[in-house]
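In: have a look at this prediction, sequence included:
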Amino acid sequence: MENSTSLRSGNLGDADEPVGLFSAWFEEAVRAEPSDPTAMALATIDADGIPNARMVLLKGVDARGFVFYTNSDSPKGRELAAAPAAAAVFHWKSLKRQVRLRGTVESVTDAEADAYFATRPKGSQIGAWASKQSTPMEDRFALEKAVALYTAKYALGAVPRPPYWNGYRIVPLSMEFWQDRPFRLHERFEFRRTQPDAAWVKTRLYP
């Protein structure tokens, strides 16, 4: 995970910008969470204006934003193409912490997507070719047959990235940090900015 900004203290009150604070919290979550500290709930909007949420894995974070990868032909990919904005939530139960963020969404460069795809296990690379993500599947054998076909096709050499498999970056315009406190008197701080190159404004919120 990239950490272009660091804030070693996870103290909410000391932070003056959110990316460094997130990086500090994330490092703690990697040590404390027993499973998938990178998991985040991603919400998009469908063509009817109805929110659509699912879990994805964070694959990079720096001053530019939060990166995840998916099949661009999936519902989330189509929804982001039509309405390039999203919200995401991290909930680290072991630390009793939550981070919410909202912002615009942009595609990562082909070079970034290629570089990340090359780091995936070969089985996962084959799976990206074999799966028509989120479309109806007649039976399990259809998927296994596709896996066998692409395993044979790419038996030798590197597996290229499918043209429909891409990365997305959430460029946050708001981020909220939540820390559990006794009697539900939780700590909450919100950071907001009007555009990606604007300064962050920090506000303490009631629980």
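Out: Thanks, I have it.
In: please, where are all the helices along the protein?
Out: Along the chain, counting by DSSP state H, helices occupy 18-32, 75-82, 110-119, 122-130, 140-153.
In: got the angle between the last one and helix 122-130?
Out: So the one you mean is helix 140-153. 110 degrees (axes from the mean of the first three to the mean of the last three CA atoms, to 10 degrees).
In: gap between the two ends of stretch 187-196?
Out: In stretch 187-196, first residue to last residue: 26 Å (CA to CA, to the nearest Å).
In: off-centre distance for that stretch?
Out: Relative to its chain's centre, stretch 187-196 lies at 18 Å (CA atoms, centre = their mean, to the nearest Å).
In: for the nearest residue to Val89 once chain neighbours are set aside, give its distance to Ala158.
Out: In space, and not counting its chain neighbours, Val89 is closest to Ala41: 4.5 Å by CB to CB, 6 or more residues apart in numbering. To be clear about C-beta, it is placed using only N, CA and C from the backbone, and glycine gets the same treatment. Ala41 is 33 Å from Ala158, where distance means CB to CB, to the nearest Å.
In: what is the neighbour count of the closest residue to Phe68 other than its chain neighbours?
Out: Of all residues not flanking Phe68 in the chain, Val56 sits nearest, at 4.6 Å (CB to CB, 6+ apart). By other CB atoms under 10 Å, the residues close to Val56 number 17.
In: give the contact list for Val56.
Out: Ala39, Met40, Leu42, Phe68, Thr70, Lys76 (CB atoms under 8 Å, 6 or more residues apart in numbering).
In: which one of those residues is nearest Ala32?
Out: Ala39 (13.7 Å; CB to CB).
In: dig out what the closest one forms beta bridges with.
Out: On the basis of DSSP bridges, Ala39 is bridged to Leu57.
In: wouldn't it be in contact with Phe68 here?
Out: No - using CB atoms under 8 Å, Ala39 is not in contact with Phe68; the gap is 10.4 Å.
In: so which of those two has more stuff around it?
Out: For Ala39 versus Phe68, neighbours defined as other CB under 10 Å are more numerous around Phe68 (21 against 17).
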